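A.B. asks: got a sequence here, can you build the structure:
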Amino acid sequence: MSFRFVGIWHFTFADMSSITRMAAKAIFGTPPSSTYQEALELFLKAEDIQPNFYSKNTYYIGEVYDRLGRHEESIKYYRQSFMAPVVTVDDRETHTLVCSRQASQGESGCRRFGE
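C.D. replies: Now for the predicted structure:
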């Protein structure tokens, strides 16, 4: 699970806007930096250790693949995160995120992503 947390950290800094990066530079001097590839490796490592352990981890894998322009792979992981049973509040939030992503791509309603 700690790989997932570090993956989120890397994803957050890789996804930082230029304005946020400038603000962080003013506060910290040298803001932390990262890449989507580093985040992806950590999310995938967490998934290798315990497959399908957390729907939000597979959602983040989809997000990283999407940012890297690897859209077919992103759809696979978005679908996987959506198909996970809704047991926790985080699972519900993941479903909502996937539905929002589907809507942003022109799909109406909240059908299973990618079908």
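
A.B. asks: mind jotting down where the strands sit in this structure?
C.D. replies: Using DSSP state E, no strands are found in the chain.

A.B. asks: shaky segments in it?
C.D. replies: Counting by pLDDT under 70, the low-confidence segments of the chain come to 1, 105-115.

A.B. asks: so what's the closest residue to Thr94 other than its chain neighbours up against?
C.D. replies: In space, not counting the residues next to it along the chain, Thr94 is nearest to Ser55; the distance is 4.3 Å by C-beta to C-beta, 6 or more residues apart in numbering. Every C-beta, even on glycine, is put in place using the N, C-alpha and C of the backbone. By C-beta atoms under 8 Å, 6 or more residues apart in numbering, the contact set of Ser55 is 81-82, 84, 90-91, 94-95.

A.B. asks: then stretch 71-88 to CSV, C-alphas only?
C.D. replies: Output in CSV follows, covering the C-alpha atoms of stretch 71-88 (Å, rounded to 0.1, in the frame of the first residue of the first chain):
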residue,chain,number,x,y,z
HIS,A,71,-5.5,5.9,-24.2
GLU,A,72,-6.3,2.2,-24.9
GLU,A,73,-4.4,1.2,-21.7
SER,A,74,-6.1,4.0,-19.8
ILE,A,75,-9.5,2.7,-20.8
LYS,A,76,-8.6,-0.8,-19.6
TYR,A,77,-7.8,0.5,-16.1
TYR,A,78,-10.7,2.9,-15.9
ARG,A,79,-13.0,0.0,-16.7
GLN,A,80,-11.3,-2.2,-14.1
SER,A,81,-11.7,0.5,-11.4
PHE,A,82,-15.4,0.9,-12.3
MET,A,83,-16.0,-2.8,-12.3
ALA,A,84,-14.7,-3.1,-8.7
PRO,A,85,-17.5,-3.6,-6.1
VAL,A,86,-18.6,-0.5,-4.3
VAL,A,87,-17.8,-1.2,-0.6
THR,A,88,-16.2,2.0,0.7
